[in-house]
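J.: Give me the fold of what follows.
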Amino acid sequence: MAGIDGRVPDGATEITTGQVNRVWYIGGREAYVLKHYSDPARAANEAAALALLTHHRAPGPRLLDADVKGQPAWTAQSAVQAQPVPADQFLDDLAGPLAAVHAIGGTHFGRLAGAARHPTWRAYLHDRLNLYTTTAPDLATVAAALRRDLDRVNLDIEPRLLHHDLQPGHLVRTTGGLRFLLDWELAAFGDPISDRARLAVRLRLPSPQALPAHRVTPADRQRLDLYWRLHLLADAALATDPAVRAHALSSLLAHPDRAL
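T.: As a prediction, the model looks like this:
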């Protein structure tokens, strides 16, 4: 899009919402959202996700331009004129957009860009466990139990696009009723059930089985429970919010013998 160079133009409105990145709304004939990133890897990943969504005409912002090697790294995204879906309608409204996203296939497992690619989903999950135990050695016992369970589960799946940060506020609805998913920094290729497990963690549900589902097999439930524990471990090890870390740790310790 002509005229976009990553710099904040006069008259831009900052819409940053407490995250480490800074975001502005730029009005005009074709309004857009400019995002500056503190982590270039996240910029690269979101740019790749938005490009994929744009190609497939999926329910997300269009990528207008980007420079993931800039100082700072940035993306320019189409402005979505919409409001967050109310919490009591979130799960119902999420079903359609999420199905469209999960229909998009990938060529590898893990982040789309800015990180190592993995030939299998199991290899990606093992890599995540290694990161969690390196960051939080005191959680090594919990991670070891998850690693044993991980190796007992059938993970022979095809890579599908995951949002991997589903939560209220990231799903919006236009006045015309269209639903869009925002904020794709953590997008990955993997098992769609992992998106459901991460959502259960974000909603602080006592169990991932509390999420409504149709035609769920015992194997699906097994993977859902495993991914839920993995996402809790991620929060316990990496979350910057002390309250999030404390909740994740207490949830993990409440199920020390939750075997598959």
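J.: going forward, measure contacts and count neighbours with C-alpha atoms only.
T.: Noted.
J.: any low-confidence regions in the protein?
T.: 1-2, 255-260 (pLDDT under 70).
J.: Can you pull the domain assignment for it?
T.: Using automatic domain parsing, the domain parsing of the chain gives 13-78, 83-253.
J.: Could you point out which of the ones you listed sits nearest residue 6?
T.: domain 13-78 (6.1 Å; CA to CA).
J.: wait, what's in contact with the closest residue to residue 105 other than its chain neighbours?
T.: Nearest residue to residue 105, sequence neighbours excluded (CA to CA, 6 or more residues apart in numbering): residue 160, at 4.4 Å. Contacts for residue 160 (CA atoms under 8 Å, 6 or more residues apart in numbering) come out as 102, 103, 104, 105, 106, 189, 190, 191, 192.
J.: Which strands border the helix or strand encompassing residue 180, and is each parallel or antiparallel?
T.: If you go by DSSP states H and E, residue 180 is part of strand 179-181. Next to strand 179-181 in the sheet, as set by DSSP bridges, lie strand 171-173 (antiparallel).
J.: Please compute how far the strand it pairs with lies from its chain's middle.
T.: What separates the centre of strand 171-173 from the centre of its chain is 15 Å, taken as CA atoms, centre = their mean, to the nearest Å.
J.: Can you show me the strands along the protein?
T.: Taking DSSP state E as the test, the strands found in the chain are 13-14, 22-26, 32-37, 63-67, 73-78, 83-84, 110-111, 160-162, 171-173, 179-181, 188-190.
J.: Pull the residues that contact stretch 105-113.
T.: Against stretch 105-113 from outside (CA under 8 Å, 6+ apart): 41, 44-45, 48-49, 116-121, 124, 158-161, 186-190.
J.: Give me the distance between the two termini of it.
T.: 15 Å (CA to CA, to the nearest Å).
J.: Give the buried residues for that stretch.
T.: Along stretch 105-113, the positions that meet the burial threshold by neighbour count (16 or more other CA atoms under 10 Å) are 106, 108, 109, 110, 111, 112, 113.
J.: Then stretch 120-135?
T.: Under the neighbour-count criterion of 16+ other CA under 10 Å, stretch 120-135 has 120, 121, 122, 124, 125, 126, 128, 129, 130, 132, 133 buried.
J.: again, but for stretch 25-32
T.: Of the residues in stretch 25-32, those buried (16+ other CA under 10 Å) are 25, 26, 32.
J.: swap in stretch 240-259?
T.: Neighbour-count burial for stretch 240-259 [16+ other CA under 10 Å]: 244, 245, 247, 248, 249, 251, 252.
J.: Sort out for me which of those residues are in helices.
T.: Counting by DSSP state H, the part of the buried residues of stretch 240-259 found in helices is 244, 245, 247, 248, 249, 251, 252.
J.: what's the closest non-adjacent residue to the fifth one?
T.: To tie it back to what came earlier, the one meant is residue 249. Nearest non-adjacent residue to residue 249, counting by CA to CA, 6+ apart: residue 236, 5.3 Å away.
J.: for that neighbour, what are its contacts?
T.: Neighbour list for residue 236: 244, 245, 246, 247, 248, 249 [criterion: CA under 8 Å, 6+ apart].
J.: how about a cut-off of 7 Å?
T.: Contacts for residue 236 (CA atoms under 7 Å, 6 or more residues apart in numbering) come out as 245, 246, 248, 249.
J.: And the helices in the stretch 101-250 of the chain?
T.: 121-135, 140-150, 192-202, 218-238, 242-253 (DSSP state H, counting those that start in this stretch).
J.: which helices and strands does the first one pack with?
T.: In this case it means helix 121-135. Applying 3 or more CA pairs under 7 Å, 6 or more residues apart in numbering; DSSP states H and E, we find helix 121-135 packed against helix 140-150, helix 218-238.
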